[in-house]
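Engineer: Only the shape, not the letters, is given here:
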């Protein structure tokens, strides 16, 4: 799982270090799949398991549904596999940097099954609204759901 948040520098060659715990969550994969988020100014990423989940979800739509093509185009078509170098870094291409407004530093935010990469300033501006929404959404969490299933 992708947990916690980290800040990493982006060098002159547009390389950024993927946090070690995130690389570990990828279970030995030699790359990460990134795409520009559809609904916010950041990048989203994950491993092959996440790509497979998106593929399954998108393939459930009717083949000629324009929403299927729109989702596939904007996730698979706009995304790319970014291969790790020997130091655990990837290159963030110019269009990705521009979409997320990233220049000198990048903020990695774990979301469990995926992660996001933000400019630190944009992420900071978003934190309070996300905290407010999380507080309003507490009723959606039932921490004993899995325990009851395990006992039955």
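Structural biologist: Noted; the coordinates are in hand. Predicted model only: the values in this text are computed from it and were never measured. Numbers count the residues shown, from 1 in each chain.
Engineer: ok, which stretches of the protein are strands?
Structural biologist: 5-9, 15-17, 31-36, 43-46, 80-83, 89-91, 105-110, 115-118 (DSSP state E).
Engineer: neighbouring contacts of the first one?
Structural biologist: Meaning strand 5-9. 16-19, 22, 104-110, 120 (CB atoms under 8 Å, 6 or more residues apart in numbering). Just so you know, the C-beta spots here come from the backbone N, C-alpha and C atoms, and that holds for glycine as well.
Engineer: Make a markdown table out of those and add distance to residue 76 and pLDDT.
Structural biologist: Below are these laid out as a markdown table (distance: CB to CB, whole Å; pLDDT from 0 to 100):
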| residue | distance to residue 76 | pLDDT |
| --- | --- | --- |
| 16 | 22 | 98 |
| 17 | 26 | 97 |
| 18 | 21 | 96 |
| 19 | 25 | 96 |
| 22 | 21 | 97 |
| 104 | 30 | 94 |
| 105 | 28 | 98 |
| 106 | 23 | 98 |
| 107 | 25 | 98 |
| 108 | 22 | 98 |
| 109 | 22 | 98 |
| 110 | 23 | 98 |
| 120 | 28 | 98 |
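Engineer: Just the buried subset of these, please.
Structural biologist: Neighbour counting over these (16 or more other CB atoms under 10 Å) leaves 16-19, 22, 106-110, 120 as the buried ones.
Engineer: Relative to residue 22, how far out is residue 34?
Structural biologist: 12 Å (CB to CB, to the nearest Å).
Engineer: what about residue 65, how many neighbours?
Structural biologist: A total of 12 residues lie near residue 65 under the criterion other CB atoms under 10 Å.
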